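Peer 1: give the three-dimensional model of this entry:
(chains A and B)
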Amino acid sequence: MSPVVEVSGLTKRFGNLNAVDDVSFAVEENTIYGLLGRNGAGKTTLMQLLTGQDFATRGQIRVFGESPVEAARVLQNLCFIKESQKYPDEFMVKHVLKSAPWFFRNWDADFAERLVQDFRLPTDRRIKKLSRGQLSSVGVIVGLASRAPLTFFDEPYLGLDAVARQIFYDRLLEDYTQHPRTVILSTHLIDEVSNLLEHVLVIDEGRIIIDQNAEDLRMSATTVVGPRGAVDSFVASHSVVHREGVGGLASVTVEALSPAARQKATAAGLELSPVSLQQLIVRKTDTSTTEFEQSA
Amino acid sequence: MTTLTETTHRPESATLARIFNVTRLHLINRFPIMVLPLLILAFIFLVNYVIWWLLFDAVGVADRQDAIDGIQFSGASSFIFIYMLVVAVQAVNLTFPFALGFSVTRRDFYLGTCVAFVLLSAYYAAIMTVMAVLERVTNGWGLGGSMFDVVYFREENPVLQFVLFLLIFLFFFFIGAATASVYVRWRANGMYVFFAFLTLLVIGFVALTTFADNWPAVGAWFARNGAMGVALWSLVPTTLAAITGFYLMRRATPKN
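Peer 2: Sure, this is the predicted structure:
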């Protein structure tokens, strides 16, 4: 598979803040990526750079082999849905749906129509009169029905209720299976999308700290639960990611265990449980715990 | 990539199609930019008509010509030019981030926007010309009123009248576009600097003209060139505004 996006040494500076700080990575074709990170970590800035909406301070971006800045040939294959998308003042939902096919050549009007019904979106309503959730669903519909070879969703779910979010995840997966494409999804609701993601990029303070296959990442840690003494003696020979305990019980997250180590833990009466993607990422990006671990 | 090669064999028509799509995007919602201004104009016309009627009724036959001379310029239709300036500001300020969200390049956005402004200018210039000619042939709607066929901005030839209106509309569209470009590029700070600069420029001009006792010369310039001459001269600021807007927008980013 050829990389759709190739980034090397990319930096974006705002004043004295490096919003994106010397980042390098590649995005493979026809894969769903999760771009995860805390507020202000640099997710939106990175997406704006990849879609040519912002200009890099340093470094190189190649999207479909070219710089995306002012490159119509590249941009025609992109769709960038962002939470803060602005619309022309008096636009109604129907104007968005009518003009979208002029810009997205893979636009599927029937699919868009079905999504409008799924989300119960009033097409005759002005955009500025929509609720926050309805506004988000406009973006979601455009992002899905445009079927762009490279689609970015930047926190597309704001204000969407649980049902609507599930519709989004279901439709994305269904349509992705029938029309494979590259999707980069930034989100805070990591556990909700964890089954969707095939590859995870975690950005923290402008740097990519995890760039890994989602499955490998999930397997990269295990939580060991049991009596404090037994847990402590077991984890002594493993690298500890996180530790917590109540009374005589301890729950310690350690990095990947070998089959032999798993057997040993079970024999010692310890319980092993998988770590959710969300927990893993919280552990890796929460500076207060990492500092605590380092000082401990 | 196979998906990329499709568009490359006819690059010129593809470029034009992309630009034209931006133009269509500006014009898709017709009511606020093509209908509402006419409704407002119709309302103003109605109010004016009633006033002319009252005036016509109140003054005696002997004083009628004098009254008609006094209402040759009312400014009643000038709102439409200001409205188009606002349309231009909105088009650049709000449609720009939207178009970029639709994967449009800044270049295509700007050129497509210019085409939309030229089309809208022609549309309104045509309507204004028709109204001016009607006003002329009906002798001010039978009451000697002037709203479209006003003193100074009067051209006997309808084609020249159309060109005159067209140039004025273009001026307002592109001044609006350039001003909005400053805002889109530098936000509030850009506006402070821009208006501070503009104020200094205007004050400077007024001061120089006053100190040099040149106001009669300024008046004479307007009289000598006539409306058409002044309108043709307006092509200079209009073109400068259009070019400035292009370069400002080429480096603009859609901000939240």
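Peer 1: what helix or strand does B:L55 sit in?
Peer 2: Using DSSP states H and E, B:L55 sits within helix B:36-58.
Peer 1: near chain A, which residues of chain B? Just list them.
Peer 2: B:1, B:3-4, B:7-8, B:14-15, B:18, B:21, B:24-25, B:28-29, B:31-32, B:90-91, B:94-95, B:97-98, B:100-108, B:250-251, B:253-254, B:256 (C-beta under 8 Å from any C-beta of the partner chain). Glycine gets a C-beta too; all of them are placed from N, C-alpha and C.
Peer 1: which among those residues count as buried?
Peer 2: Listed as buried from the residues of chain B next to chain A are B:3, B:7, B:14-15, B:18, B:21, B:25, B:28-29, B:90-91, B:94-95, B:97-98, B:100-108, B:254; burial here means 16 or more other C-beta atoms under 10 Å in any protein chain shown.
Peer 1: now intersect these with the strands, please.
Peer 2: Within these, no residue falls in strands by DSSP state E.
Peer 1: what pairs with the closest residue to A:L46 other than its chain neighbours across the strands?
Peer 2: In space, and not counting its chain neighbours, A:L46 is closest to A:V20: 5.4 Å by C-beta to C-beta, 6 or more residues apart in numbering or on different chains. With DSSP bridges as the criterion, A:V20 is bridged to A:K12.
Peer 1: which residues of the stretch 1-150 of chain B score low on pLDDT?
Peer 2: B:1-11 (pLDDT under 70).
Peer 1: who's the closest spatial neighbour of A:A214, skipping the chain neighbours?
Peer 2: A:L197 is the one closest to A:A214 (C-beta to C-beta, 6+ apart), at 4.6 Å.
Peer 1: go on, A:P101?
Peer 2: Counting by C-beta to C-beta, 6+ apart, the residue nearest A:P101 is A:W107, at 3.9 Å.
Peer 1: let me know the pLDDT of the one you found.
Peer 2: With respect to pLDDT, A:W107 scores 97.
Peer 1: quick check, A:F234 in contact with A:R262.
Peer 2: No: the criterion here is C-beta atoms under 8 Å, and A:F234 misses it with A:R262 at 10.8 Å.
Peer 1: which one's more surrounded, the two?
Peer 2: A:F234 (20 against 14; other C-beta atoms under 10 Å in any protein chain shown).
Peer 1: that one: what secondary structure?
Peer 2: helix (DSSP: H, G, I helix; E, B strand; the rest coil).
Peer 1: hmm, back to that, can you give me how far the helix holding B:L55 is from the chain middle?
Peer 2: 22 Å (C-alpha atoms, centre = their mean, to the nearest Å).
Peer 1: following it, which helix or strand shows up next?
Peer 2: Helix B:36-58 is succeeded, C-terminally, by helix B:64-70 (DSSP H and E).
Peer 1: any stretches of the stretch 151-256 of chain B with poor pLDDT?
Peer 2: B:256.
Peer 1: quick check: residues of chain A near chain B?
Peer 2: So chain A meets chain B at A:48, A:51-55, A:64-65, A:70-82, A:84-92, A:95, A:98-100, A:102-104, A:148-149 (C-beta under 8 Å from any C-beta).
Peer 1: give me the buried subset of those residues.
Peer 2: Looks like those have A:48, A:51-54, A:64, A:72-82, A:85-92, A:95, A:98-100, A:102-104, A:148-149 buried, using 16+ other C-beta under 10 Å.
Peer 1: those in helices, which ones?
Peer 2: In this view, these that belong to helices under DSSP state H are A:48, A:72-75, A:95, A:98-100, A:102-103.
Peer 1: for the residue nearest to the spatial centre of chain A, helix, strand, or coil?
Peer 2: Most central in chain A under C-alpha atoms, centre = their mean is A:G34, positioned 2.6 Å from the mean C-alpha point. Assigned with three-state DSSP, A:G34 falls in the strand class.
Peer 1: could you give me the buried positions within the helix holding B:L55?
Peer 2: Buried, per 16+ other C-beta under 10 Å, within helix B:36-58: B:37, B:41, B:44-45, B:48, B:52, B:55-56.
Peer 1: quick check, nearest of the residues you listed to B:I175?
Peer 2: Nearest to B:I175 out of the buried residues of helix B:36-58 is B:P37 (C-beta to C-beta; 17.4 Å).
Peer 1: re earlier: mind checking how far the residue nearest to A:P101 is from chain B?
Peer 2: 11 Å (C-beta to the nearest C-beta, to the nearest Å).
Peer 1: what do you get for A:G40?
Peer 2: For A:G40, the distance to chain B - C-beta to the nearest C-beta - is 13 Å.
Peer 1: could I get the buried residues of helix B:36-58 as CSV with distance to A:G206?
Peer 2: Listed next are those as CSV, based on distance: C-beta to C-beta, whole Å:
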residue, distance to A:G206
B:P37, 47
B:L41, 53
B:I44, 55
B:F45, 59
B:N48, 61
B:W52, 68
B:L55, 70
B:F56, 73
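Peer 1: ok, residues contacting stretch B:78-93?
Peer 2: With contacts defined as C-beta atoms under 8 Å, 6 or more residues apart in numbering or on different chains, stretch B:78-93 is touched by A:88-89, B:26, B:33, B:37, B:40-41, B:44, B:113, B:116-117, B:120-121, B:124, B:128, B:168-169, B:172-177, B:179-181, B:183-184, B:245, B:249.
Peer 1: three-state assignment of the residue nearest to A:P101?
Peer 2: With three-state DSSP as the criterion, A:W107 reads coil.
Peer 1: averaged pLDDT, stretch A:76-83. What do you get?
Peer 2: Rounded mean pLDDT across stretch A:76-83 is 94.
Peer 1: residues near A:R120, how many?
Peer 2: Neighbour tally, A:R120, other C-beta under 10 Å: 9.
Peer 1: now for the helix or strand containing B:T23, which elements pack on it?
Peer 2: Element membership for B:T23, per DSSP H and E: helix B:11-27. On a contact count with 3 or more C-beta pairs under 8 Å, 6 or more residues apart in numbering or on different chains; DSSP states H and E, helix B:11-27 meets helix A:72-75, helix A:93-103, helix B:79-101, helix B:106-137.
Peer 1: off-centre distance for the helix or strand following it?
Peer 2: Using DSSP H and E, the helix or strand that directly follows helix B:11-27 along the chain is helix B:30. Computed by C-alpha atoms, centre = their mean, the chain-centroid distance of helix B:30 equals 17 Å.
Peer 1: if anything else comes up later, I'll come back, but that's it for now.
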